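> let's see this in three dimensions:
(2 chains)
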Amino acid sequence: EAQVTQNPRYLITVTGKKLTVTCSQNMNHEYMSWYRQDPGLGLRQIYYSMNVEVTDKGDVPEGYKVSRKEKRNFPLILESPSPNQTSLYFCASSLTRGPQETQYFGPGTRLLVL
Amino acid sequence: AQSVTQPDIHITVSEGASLELRCNYSYGATPYLFWYVQSPGQGLQLLLKYFSGDTLVQGIKGFEAEFKRSQSSFNLRKPSVHWSDAAEYFCAVGAASSGSARQLTFGSGTQLTVLP
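Model prediction:
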């Protein structure tokens, strides 16, 4: 089954404790991205990757890191989480970066930073 | 830069009633327009998309949307709502801006409640 998976689905952590949210897709998609969803703000892009070893900042990259060592995986790293990073995070992928492409979303990771 | 406005934060309709969710976009050229739905606890799923051609687009689950260039709108409609349609709906615009690899800009979403 074609899908985007994220782990963990729920995470509670404390300020400053490094964490990684994994994202994997099995559709051989080139383009992957991370979004955060906050009430009243919709989805905002954090980082994106156009292919292996090619990543760039989205609209709200502060406090986040990403890597793309393999085509299927695109982990999101919070080196020193802060309470303002409490949010719902979505990973998404599409075949290419073209604006006409359908994005396929993971189920989301709900993060609470105390 | 492109932007999307969904004026209605929350809409409540009765089951069987018709539905229209509003979406206005701002973009200098012909946009790529999308509607996504997010059911509780789920990721986003594409309902429909518009690139060119017929301005009335049919999607999944009985939804349709009409692109109106003169009004910069892409409103989502359904003639008869089902209880399972209760979800949050996001309009998004994709743009091929030169030098930008950003794909989509999302609106803030409209939460739909369906009354029995």
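
> what residues are up against residue 68?
Let's take chain A. A:Arg68 is in contact with A:Met32, A:Ser49, A:Asn51, A:Val52, A:Glu53, A:Val54, A:Thr55, A:Phe74, counting by C-beta atoms under 8 Å, 6 or more residues apart in numbering or on different chains. C-betas here are computed from N, CA, C, even on glycine.

> nope, chain B
With C-beta under 8 Å, 6+ apart, B:Lys68 has these contacts: B:Thr55, B:Phe74, B:Asn75.

> next one: A:Thr55
A:Tyr47, A:Tyr48, A:Ser49, A:Val66, A:Ser67, A:Arg68.

> beta-bridge partners for the fourth one, please?
On the basis of DSSP bridges, A:Val66 takes part in beta bridges with A:Leu76.

> what does the pLDDT read for it?
The per-residue pLDDT reported for A:Val66 equals 97.

> re earlier: lowest-confidence entry in the contacts of B:Lys68?
B:Thr55 (90).

> next, count neighbours for it.
B:Thr55 has 12 neighbours, counted by other C-beta atoms under 10 Å in any protein chain shown.

> ok, for it, nearest residue in space, not its chain neighbours?
In space, and not counting its chain neighbours, B:Thr55 is closest to B:Phe67: 4.3 Å by C-beta to C-beta, 6 or more residues apart in numbering or on different chains.

> what stretches of chain B score poorly on pLDDT?
B:96-103 (pLDDT under 70).

> filter the contacts of A:Arg68 to the buried ones?
The neighbour-count test (16 or more other C-beta atoms under 10 Å in any protein chain shown) applied to these identifies A:Met32, A:Ser49, A:Thr55, A:Phe74 as buried.

> buried stuff in the lengthiest strand in chain A?
The strand that spans the most residues within chain A, counting by DSSP state E, is strand A:42-51. For strand A:42-51, burial by neighbour count (16+ other C-beta under 10 Å) applies to A:Gly42, A:Leu43, A:Arg44, A:Gln45, A:Ile46, A:Tyr47, A:Tyr48, A:Ser49, A:Met50.

> right, and the last one touches A:His29 too?
Which is A:Met50. No: the criterion here is C-beta atoms under 8 Å, and A:Met50 misses it with A:His29 at 10.6 Å.

> ok, now which ones touch the most centrally placed residue in chain A?
Central residue check for chain A by C-alpha atoms, centre = their mean: the C-alpha nearest the mean position is that of A:Trp34, 2.8 Å away. Applying C-beta under 8 Å, 6+ apart to A:Trp34 gives the contacts A:23, A:45-48, A:58, A:64, A:66, A:74, A:76, A:89-92.

> count the neighbours of A:Gln100 for me.
As a burial measure, A:Gln100 scores 15 neighbours (other C-beta under 10 Å).

> ok, the contacts of B:Lys68 vs chain A, which is closest?
B:Phe74 (14.4 Å; C-beta to the nearest C-beta).

> and the host helix or strand of the closest one, which residues are buried?
B:Phe74 is part of strand B:73-78, with elements assigned from DSSP states H and E. Within strand B:73-78, the residues that qualify as buried are B:Ser73, B:Phe74, B:Asn75, B:Leu76, B:Lys78, counting by 16+ other C-beta under 10 Å.

> I'm done for today, thanks for sticking with me.
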